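In: got a sequence here, can you model it:
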Amino acid sequence: MNRMYVNGRLKTIKDKMPLNELLLQEGHDIERVAVEKNGKIVPRSSFGTEMLSDDDRIEIVCFVGGG
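Out: You can find the predicted model right below:
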């Protein structure tokens, strides 16, 4: 098991989880978020291949439409 911070909250995940799986578990629409991992922006095209590991710091920002 790996421990990481997601938007400032401590979270435990299984080993070798890709970023897109975490986003889906957290209930995010992958097309409507921006993600920073350890201080660097992760391109949306890499969400399926970007693997999460112990002590990662993930920040997820959701885009909200409106007027």
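
In: list the buried residues for stretch 23-39?
Out: Leu23, His28, Val33, Val35, Lys37 (16 or more other Cβ atoms under 10 Å). Quick note: C-beta positions are derived from backbone N, CA and C, even for glycine.

In: dump those residues to TSV, plus secondary structure, distance to Phe63 and pLDDT.
Out: Converted to TSV, those look like this (DSSP: H, G, I helix; E, B strand; the rest coil; distance: Cβ to Cβ, whole Å; pLDDT from 0 to 100):
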residue	secondary structure	distance to Phe63	pLDDT
Leu23	helix	13	96
His28	coil	10	95
Val33	strand	7	97
Val35	strand	12	98
Lys37	strand	18	98
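
In: and of the residues you listed, the nearest to Arg3?
Out: Lys37 (14.9 Å; Cβ to Cβ).

In: residues contacting the closest one?
Out: Residues in contact with Lys37 (Cβ atoms under 8 Å, 6 or more residues apart in numbering) are Leu19, Glu50, Leu52, Asp56, Arg57, Ile58.

In: quick one: it from Gly66, how far?
Out: Per Cβ to Cβ, to the nearest Å, Lys37 is found 28 Å from Gly66.
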